[in-house]
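Peer 1: would you be able to build a 3D model of this:
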Amino acid sequence: MTGEDVTEEDEPESSTAVPPGGLWARMKADPQYAPEHLALEAVRRIGPQARTWAERTRTRHPRMSPEAMAETAIRRFVNHARVSGAVSGAAGLPGAVIDMGVLAWTQARMVLYVAAAYGADPEHPDRATDLLVLQRVHKIAETARLALGVAAGRERIDALSRSDTPLARVMLRLGFKLAQMAGVRAAKRLVAKAVPGAAVVLGTWANSSATRSLAVRSQELYRPRATVPAPR
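Peer 2: Sure thing, here's the model as predicted:
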């Protein structure tokens, strides 16, 4: 038997369903490195939750295979992504930026839960590198690591508090960087947000499609090393 019935108790942790306020502040202050800031924060906040979920699921469903665990997480996060386009309730560019951030965050959650399902450590710093490569922000791991190092360094030296760039320009740049990370065609998605009705239709299809594609890439990455690690 490769899978078992799961219940609401097996749901991923919901307390981190949206990006935390501190992350938004960092991304707005440093939009060029917004994907890197998001990846670093995701591993810090979601990694421990993904590990706990995987260990709890293995305990409750000992016959469930890594593949079935991963598919369980994927189904839930694809569903979350499908409705994330309307989460902000705001119109125009600010709403589109928030929607893109929530979608990118949802996708990061999914990748870390998939990693945990296959036995990879979701708290390891390499998962931030994986996120950026899987979400096609960077083509190879080496450049992703370099960019993560820059973002972490800027955070440490408080370089993010100094910016004279107009807010509208910051939000536009942030929106495009997050749309790139989320796998959505930035221009169409950002413009559609301002058109009543179109944003909902495009958002639902684009969000779920991009997230499903990311899920396939994540499985291809983590499946070859699937193991069941010993509990901590």
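Peer 1: for residue 125, phi and psi?
Peer 2: Note on residue 125: its backbone torsions stand at phi -60, psi -30 [degrees, to the nearest 10].
Peer 1: mind checking how far it is from residue 47?
Peer 2: According to C-beta to C-beta, to the nearest Å, residue 125 stands 10 Å off from residue 47. Where you see a C-beta, it was placed from the backbone N, CA and C, and this is true even at glycine.
Peer 1: what segments of this structure are helices?
Peer 2: With DSSP state H as the criterion, the chain has helices at 21-29, 34-60, 66-83, 92-117, 126-134, 141-156, 167-182, 186-192, 198-222.
Peer 1: neighbour-wise, which of residue 125 and residue 47 wins?
Peer 2: Neighbour count, other C-beta atoms under 10 Å: between residue 125 and residue 47, residue 47 has more, with 21 against 16.
Peer 1: and that one, how close does it get to residue 210?
Peer 2: From residue 47 to residue 210 the distance is 22 Å (C-beta to C-beta).
Peer 1: one more: residue 59?
Peer 2: Look at residue 59 and residue 210: by C-beta to C-beta, they are 33 Å apart.
Peer 1: which of those two has more neighbours?
Peer 2: Higher neighbour count among residue 59 and residue 210: residue 210, with 23 against 9, using other C-beta under 10 Å.
Peer 1: follow-up on the earlier one: mean pLDDT lowest where, among the helices of the chain?
Peer 2: For those, mean pLDDT drops lowest on helix 186-192, to a mean of 53.
Peer 1: tell me the centre residue of the chain?
Peer 2: In the chain, the residue lying closest to the centroid (C-alpha atoms, centre = their mean) is residue 108, at 2.0 Å.
Peer 1: the nearest residue to that one once chain neighbours are set aside: how many residues sit nearby?
Peer 2: Counting by C-beta to C-beta, 6 or more residues apart in numbering, residue 42 is the residue found nearest to residue 108 once chain neighbours are left out, at 3.9 Å. Neighbourhood size, residue 42 [other C-beta under 10 Å]: 25.
Peer 1: give me the neighbour count for residue 142.
Peer 2: Residue 142: 11 surrounding residues under other C-beta under 10 Å.
Peer 1: ok, it to residue 133 distance?
Peer 2: 10 Å.
Peer 1: picking that back up, which ones are touching the residue nearest to the centre of the chain?
Peer 2: For residue 108, the contact set (C-beta atoms under 8 Å, 6 or more residues apart in numbering) comprises 38, 39, 42, 46, 131, 135.
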